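In: Fold the following.
(chains A and B)
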Amino acid sequence: MLKRKRLFSMMLPLLTASIILAACGTNSSTTTTTSTTDSTSNTEEVKKLVAGSESAFAPFNYMDDKGNVVGIDVDILNAMGEEVGFETEVRAVGWEPIFPQVKNGEIDLGASGITITDERKETFDFTEPYYEATQLLVVKEDSPITSAEDVKDKKISVQINSTGHMAAKDLVGETNPNILGYESVPIAIQEVLNGTTDAAIGDNAVVFEYIKNNPEAKLKTIEDDSFEKEYYGFMVKKGNEELLKLLNEGLQKIKENGKLAEITGQELE
Amino acid sequence: MDLLDLRWDIIWNYREMFLRGIWITIVLTVSGYAGGIILGVLIGLGETSKKKWLYWPSKIYVDLFRGTPMLVQILIIHLAVIPTIFGQSYGFMVSGILALLLNSAAYNAEIIRAGIQSIDKGQMEAARSLGLTHSKAMRKVILPQAFRRMIPPLGNEFIALLKDSSLVTVIAASDILYAAKIVAGAYNRFWEPYLVAAVLYLILTYLVTKLVAYVERRFSNGYNPRRKREGRSLT
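Out: Got it, this is the predicted structure:
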C-alpha cells in the first residue's frame, strides 16, 4: 500500500504536467478555428482569416522594416477583404511549412505566390488565379546560354521545391545532381554570379525584383517557350468550400473593379 | 491514421539521391573532422602557450567560431567569403568542408586545451627535471596521457559534427537531409522522407559511436594487445 502511494505521489507531478500541456495544446489549436467560426455571432460579420506566407518572396510577400508581412499577396487579400468582408492576418511561416499547416488547419489559407499545379490540387483546393507567372532563365551577361536547351548539361540553381525546381527537373531529370536547390530565388541567382551554377530558373516577378534591387549585377534573363505559363492562387484545405467561395467572390469583385490589375500591374485574361 | 499508410515507394523512387546523400554526408563530415583535428591541435596548443602572439590569436579564433552559429558561418563562407576572396565560388563541397572544418577546429581546440591542462603539473615538472625539453616532455609525457582523456569528448564532437553537417543543405549540398527535402517537396508528404533521413543519420552516428568506443578501449591504460578477445587485462 505504502509502495503504491509513493508511486502515485511520484507520478503526480508528471500527471499534472501532462494535463497542463494537453490543455495548452487544445487551446492553441482551437484559436484559429474559433477566430473563423465565431464570426457568425459577430454582428458585423467580419471574418478573421489566418494566412501563411513564406515572407521571403518579394514582391509577393516579404517583411518590411517593422517585421510585418507585406507585398502583393497581402495587398490582394486586403482588397478582397474590403469587398466581401473579412480580415486577414498574414503570418510568416516559411515556404515548406505552408503546406502541412494548411492541411492541418493550423492556418486557413496559403498566400505565398503559390502556383496552381495538378499535383498540389490533389491535396489542396485553389482559388481562381490572381497572377500569371512564367519561369525565366537567369545567366551571366557573357554566358553562351541562349535557351533552355543549352542548360541541359549545365549546373542549374533554383529555389528548392518551387516551380522553377520542377521546370529544372523536367529539363534534366528528377534526381540529376546538377540541380542545386537553395532556400530562395535571390540566393539561386547569387550563385550564378558567384559561379557555382551556370543558370538560375525562377519566377519572373522575383527575378525582376532581384534585378531592380541589384542593377549593377551583370545578368541577363532569357524567356523560353518550353516553360509553361503558371498561375498563382490562394490555397486552402481540401474540401473547405465555404472559404473557397468567399475568396473567389472577393477575387471576382476586385478583378471587375480593376483593383487587382492595379496591384499586380498585370491584366489577367 | 496517417502512420499506417506510409508510401515507401516515394523513397525508392529517389533512392539515388539518398545514396548520394549518404556519401556526401560522410565525405563532408570526415574531411571536416580530419581537418578540424589538425587545425584544432595547433590552436589548442596555441591556447596553452605562454607566448602572447600564439595565445591571443588562438583564443580569439575559438571565441569567434564557438560563439557564432554554424548555419551563419556556412552562409557567410559560401556566399560572402569565398566569392569575395577568389572572385568565384568552388561549389558546396569546398565551402561545406571549409565551414565544418573551421567550426569543429574551435571545439576540438578547446577539448585539446582542456585535456592538456587536466594533466597534473607534476608530470611536466618531473619530465623537465629528468632533462627533457619542454616540447619533448609535451610529446613523450603529457600528450599521450592527455589524449586518452580527450577521446570521449572528441568522439562527441565527431557525432555532433555529423549531425550538424545537415546544415549544409542551405547551400544546396545534396546530403541526406537535402534528399529528404526534395522528396517532401515533390510529394508533399513528410513522414516518410524525414523519418528515413533520421534513421540514416542514426545509423551513421551509431557507427561512429562504435568506432569511438573501440578507440577508447584501444588506448585505455589496461589494454593488452596479447589478449585480443577482451582487449583489457584484469590486473
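In: So what's the residue count around the residue in chain B positioned nearest to chain A?
Out: Taking C-beta to the nearest C-beta, chain A has its nearest neighbour within chain B at residue B:185, 2.6 Å off. Backbone N, C-alpha and C define where each C-beta goes, glycine included. Applying other C-beta atoms under 10 Å in any protein chain shown, we find 20 residues neighbouring residue B:185.
In: Please apply the same query to the one 4 residues further on.
Out: If you count neighbours by other C-beta under 10 Å, residue B:189 ends up with 19.
In: Enumerate the residues of chain B near chain A.
Out: B:13-14, B:16-17, B:20, B:79, B:82-83, B:87-92, B:170-172, B:174, B:178, B:181-182, B:184-186, B:188, B:190 (C-beta under 8 Å from any C-beta of the partner chain).
In: filter these to the buried ones?
Out: The neighbour-count test (16 or more other C-beta atoms under 10 Å in any protein chain shown) marks B:14, B:17, B:20, B:79, B:82-83, B:89, B:91-92, B:170-172, B:174, B:178, B:181-182, B:184-186, B:188, B:190 as buried among the residues of chain B next to chain A.
In: Find the helix or strand that the residue of chain B closest to chain A is a member of.
Out: Using DSSP states H and E, residue B:185 maps to helix B:176-187.
In: list the helices and strands that helix packs on?
Out: helix A:95-104, strand A:179-182, helix B:9-13, helix B:15-48, helix B:191-218 (3 or more C-beta pairs under 8 Å, 6 or more residues apart in numbering or on different chains; DSSP states H and E).
In: go with 7 Å
Out: Helices and strands touching helix B:176-187, by 3 or more C-beta pairs under 7 Å, 6 or more residues apart in numbering or on different chains; DSSP states H and E, are helix B:9-13, helix B:15-48, helix B:191-218.
In: what pLDDT, on average, does that helix get?
Out: For helix B:176-187, mean pLDDT is 90.
In: could I have it exported to CSV, CA atoms only?
Out: The C-alpha coordinates for helix B:176-187 follow below in CSV (Å, rounded to 0.1, in the frame of the first residue of the first chain):
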residue,chain,number,x,y,z
ILE,B,176,20.8,13.1,-46.6
LEU,B,177,18.6,16.0,-45.4
TYR,B,178,18.6,17.6,-48.9
ALA,B,179,17.3,14.3,-50.4
ALA,B,180,14.6,14.2,-47.8
LYS,B,181,13.6,17.8,-48.5
ILE,B,182,13.4,17.1,-52.3
VAL,B,183,11.1,14.1,-51.7
ALA,B,184,9.0,16.0,-49.2
GLY,B,185,8.6,18.8,-51.8
ALA,B,186,7.9,16.5,-54.7
TYR,B,187,5.1,14.6,-53.0
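In: Can you tell me the SS state at the residue positioned nearest the centre of chain B?
Out: Using C-alpha atoms, centre = their mean, the residue of chain B that lies closest to the mean C-alpha position is residue B:158, 3.4 Å off. Three-state assignment for residue B:158 (DSSP: H, G, I helix; E, B strand; the rest coil): helix.
In: Quick check, the residue in the stretch 51-200 of chain A closest to chain B?
Out: residue A:161 (2.6 Å).
In: Not counting residues beside it along the chain, what's closest to that residue?
Out: Using C-beta to C-beta, 6 or more residues apart in numbering or on different chains and skipping residues adjacent in sequence, the residue nearest residue A:161 is residue B:185, 2.6 Å away.
In: Repeat that for residue B:128.
Out: residue B:137 (5.8 Å).
In: Going by secondary structure, residue A:171 is in what exactly?
Out: Going by DSSP H and E, residue A:171 is part of helix A:163-172.
In: re earlier: out of the helices and strands packed on helix B:176-187, which is the most enclosed?
Out: Comparing those by mean neighbour count (mean count of other C-beta atoms under 10 Å in any protein chain shown), helix B:15-48 comes out on top with a mean of 20.
In: Where does pLDDT dip in chain B?
Out: Per-residue confidence for chain B (pLDDT under 70) gives these ranges: B:1-4, B:228-235.
In: give me that answer again for 50
Out: Scanning chain B for pLDDT under 50 picks out the ranges B:1.
In: next one: the stretch 101-250 of chain A
Out: Ranges of the stretch 101-250 of chain A meeting pLDDT under 50: none found.
In: before we move on, the earlier item: give the contact list for the residue of the stretch 51-200 of chain A closest to chain B.
Out: When contacts are counted by C-beta atoms under 7 Å, 6 or more residues apart in numbering or on different chains, residue A:161 touches A:96, A:181, B:185.
In: Show me which residues of the stretch 51-200 of chain A sit near chain B.
Out: A:96, A:99-100, A:123, A:157, A:160-161, A:175, A:177, A:180-183, A:190, A:194-196 (C-beta under 7 Å from any C-beta of the partner chain).
In: same thing but 10 Å
Out: A:95-97, A:99-100, A:103, A:119-120, A:122-124, A:155, A:157-158, A:160-162, A:165-166, A:169, A:174-177, A:179-183, A:187-188, A:190-191, A:193-197 (C-beta under 10 Å from any C-beta of the partner chain).
In: Please produce a ChimeraX select command covering the buried subset of the residues you listed.
Out: A single ChimeraX command is used to select the members of those judged buried by 16+ other C-beta under 10 Å:
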select /A:95,96,99,100,103,120,123,124,155,157,158,160,161,162,165,166,169,175,176,179,180,181,182,183,187,188,190,191,193,194,195,196,197
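In: Centre-most residue in chain A?
Out: Central residue of chain A (C-alpha atoms, centre = their mean): residue A:112, at 2.7 Å.
In: hey, C-alpha coordinates of the host helix or strand of that one in CSV?
Out: Assigned by DSSP H and E, residue A:112 belongs to strand A:109-115. What follows is strand A:109-115 as a C-alpha-only set of coordinates in CSV (Å, rounded to 0.1, in the frame of the first residue of the first chain):
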residue,chain,number,x,y,z
LEU,A,109,-5.0,29.6,-46.4
GLY,A,110,-1.7,29.8,-48.0
ALA,A,111,-1.0,33.2,-49.6
SER,A,112,2.6,33.0,-50.9
GLY,A,113,2.6,33.2,-54.7
ILE,A,114,1.7,29.5,-54.8
THR,A,115,1.5,28.1,-58.3
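In: residues in contact with whichever helix or strand comes after that strand?
Out: The helix or strand immediately downstream of strand A:109-115 is helix A:118-123, counting by DSSP H and E. With C-beta atoms under 10 Å, 6 or more residues apart in numbering or on different chains as the contact definition, helix A:118-123 has outside contacts at A:99-100, A:102-103, A:110, A:114, A:126, A:166, A:233, A:235, A:237-238, B:186-189.
In: and the residue nearest to residue B:128, that one's in a helix?
Out: Yes - looking at residue B:137 with three-state DSSP, it is inside a helix.
In: Hmm, residue B:122 and it touching each other?
Out: No - look at residue B:137 against residue B:122 with C-beta atoms under 10 Å: they stay out of range, at 11.8 Å.
In: the more surrounded of the two?
Out: Legend: neighbour count by other C-beta under 10 Å for residue B:137 and residue B:122, higher for residue B:137 (20 against 9).
In: ok, now which ones touch the closest residue to residue B:59 other than its chain neighbours?
Out: Leaving out its chain neighbours, the residue that sits closest to residue B:59 by C-beta to C-beta, 6+ apart is residue B:47, at 6.1 Å. With contact set as C-beta under 10 Å, 6+ apart, residue B:47 has these partners: B:54-59, B:61-62, B:109-110, B:112-114, B:116-117.
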